[in-house]
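Trainee: Based on what follows, work out the 3D shape:
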Amino acid sequence: MLPDSHGFTTTADPTPRRAIKCVAPARVNLLGEHTDYTGGLVLPMAIPFVTQATISPREDGLYTFTSELLSKTLTLDHTDRSPARGEWSDYPVGVLRKLQERGIEPQSFDLHITGNVPFAAGLSSSASMEVASAMAMLALATVLLTIEDIALLCQRAENEYVESPCGIMDQFVIVAAKAGHALLLDTRSLTYDHLPMNKGRLAETQIVVCNSMVKHSVATGEYGMRRIESEEGQAILVKKFGVCDLGDSTLQQLESAKSEMSDAAFRRCRHIISDNARVRQAKQAMFAGHPVAFGQLMLEGHASERDDFECSCEEIDFLVEIATTLPGCFGARLTGGGFGGSTVNLVERTQADAFATALKAAYKKRFDIAAEAYVCDAVDGAMLRNADVLQVER
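Mentor: The predicted structure is shown next:
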């Protein structure tokens, strides 16, 4: 490998001659919601849905983006620097733009996207597409980047090109996950640990994700407002106590500053600080292999999202409430950005299929909506899945 002045490495033979396939999983977050843009802790895991990006070199100075899942083919000239179009292709194009800004210029290519990650389910189909695309473009350019660099590049593509104010969690776990484990990520330092989902009685459980099939129209604007309110409270705590962010803050500090911030900011911050504490407690429960303790933390996290962060909805609350009445369920909560999407449930392995069936039936009876349920174990992230491809051996 040859070192490069941009801080990455490239192979001596930079001319791949065949199609390259790279895959990236989806993710579900177990605990630590809306904490990743305020320096907090998150506990996601990768799940067995994938986006596949197939990239093929071409010689005419054009980039093409196609998908069998989504309409509209996009073709761009090598020199194109146009803004986002509000279409699916914004995600891989955003990745290309951020690579170009870093000085990495893949040769002309055809990029084709396929996969089975459910859309609008809170399972991060967008980050999965970004990471798969990044892996493919890097392999074509014969460039190796670190886990941190790939995750940050994909986050910047979504923040700055797509203009969605997501945190780092989705992209990071999709790159760095390990089978049989959840990923405890400190979103400020980007340090992380793989925590066992296969220890003690936790090994006898599975994750059941239930897609409510609803996404309320307030989601995008309300998500942005929640972030503004969280950062409003954070700024007051930083000024008053000298903390770095909410990741360093305590509930005692927040309570003492309550009169200096709006009620909304106070409650958003209370959710974030308490969810950080729940992630720390979850680490202890996981190493002890204790699903009862872990499930209780999930239920407390949902109550906090519902009441303090106010990002739940009637359908999601119903799914969580019913889940707790079904045999084998240790805990349940809203996962993802909220206002619809999915719940995540910790369930006895022998009961998982029956749990999923009963939950869908109760939801259908109440709302006349056919929910989808996915029984999952933790799988490898994109870096491990594409290890051979990333060696860029031709």
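Trainee: Going by C-alpha atoms from here, please, whenever you check contacts or count neighbours.
Mentor: Will do.
Trainee: backbone phi and psi for residue 24, please?
Mentor: Dihedral angles of residue 24 (phi, psi; degrees, to the nearest 10) stand at phi -140, psi 140.
Trainee: Quick check: it touching residue 175?
Mentor: Yes: Residue 24 lies in contact with residue 175 (Cα atoms under 8 Å); the separation is 7.3 Å.
Trainee: Which one's more surrounded, those two?
Mentor: More crowded of residue 24 and residue 175, by other Cα atoms under 10 Å: residue 24, with 35 against 28.
Trainee: Skip the chain neighbours and tell me the closest residue to residue 74.
Mentor: Of all residues not flanking residue 74 in the chain, residue 65 sits nearest, at 5.1 Å (Cα to Cα, 6 or more residues apart in numbering).
Trainee: any idea which helix or strand carries that neighbour?
Mentor: In the assignment (DSSP states H and E), residue 65 maps to strand 62-67.
Trainee: where do the helices sit along the stretch 1-150 of the chain?
Mentor: In the stretch 1-150 of the chain, the helices defined using DSSP state H, counting those that start in this stretch lie at 90-101, 125-140, 147-156.
Trainee: if we can go back for a sec, beta partners for the residue nearest to residue 74?
Mentor: residue 74, residue 111 (DSSP bridges).
Trainee: Make 11 the first number, not 1, from now on.
Mentor: OK, 11 is where the count begins now, so the last one is residue 75.
Trainee: show me what contacts it?
Mentor: 83-85, 99, 102, 120-123 (Cα atoms under 8 Å, 6 or more residues apart in numbering).
Trainee: could you point out the longest helix in the protein?
Mentor: When the chain is parsed with DSSP state H, its longest helix is helix 273-297.
Trainee: now that one, how far from the chain's geometric center?
Mentor: 18 Å (Cα atoms, centre = their mean, to the nearest Å).
Trainee: How about stretch 119-127?
Mentor: 19 Å.
Trainee: what about the closest residue to residue 334 other than its chain neighbours, which helix or strand?
Mentor: In space, and not counting its chain neighbours, residue 334 is closest to residue 341: 6.6 Å by Cα to Cα, 6+ apart. Element membership for residue 341 (DSSP H and E) is strand 339-345.
Trainee: then that strand to PDB, C-alphas only?
Mentor: C-alpha atoms of strand 339-345 as PDB (Å, rounded to 0.1, in the frame of the first residue of the first chain):
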ATOM      1  CA  CYS A 339     -41.500 -10.300  26.300                       C
ATOM      2  CA  PHE A 340     -38.900  -8.700  28.500                       C
ATOM      3  CA  GLY A 341     -39.100  -5.200  27.200                       C
ATOM      4  CA  ALA A 342     -40.200  -3.000  24.300                       C
ATOM      5  CA  ARG A 343     -39.800   0.600  23.100                       C
ATOM      6  CA  LEU A 344     -40.000   2.900  20.100                       C
ATOM      7  CA  THR A 345     -36.800   2.800  18.000                       C
END
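Trainee: by how many degrees do the following helix or strand past that strand and strand 339-345 diverge?
Mentor: For strand 339-345, the succeeding helix or strand toward the C-terminus, using DSSP H and E, is strand 350-358. Interaxial angle of strand 350-358 relative to strand 339-345 (axes from the mean of the first three to the mean of the last three Cα atoms, to 10 degrees): 160 degrees.
Trainee: Strand 350-358 packs against which elements?
Mentor: If you count contacts as 3 or more Cα pairs under 8 Å, 6 or more residues apart in numbering; DSSP states H and E, strand 350-358 packs onto strand 30-41, strand 215-225, helix 324-333, strand 339-345.
Trainee: and of those, who's closest to residue 63?
Mentor: Among those, the nearest to residue 63 by Cα to Cα is strand 30-41 (5.3 Å).
Trainee: what's the closest one packed up against?
Mentor: strand 51-67, helix 135-150, helix 179-186, helix 273-297, helix 301-314, strand 339-345, strand 350-358, helix 392-395.
Trainee: Could you tell me how far that strand lies from the centre of the chain?
Mentor: Using Cα atoms, centre = their mean, the distance from the centre of strand 30-41 to the centre of the chain it belongs to is 8 Å.
Trainee: ok, that strand: who's next to it in the sheet?
Mentor: According to DSSP bridges, strand 30-41 forms sheet pairs with strand 51-67 (antiparallel).
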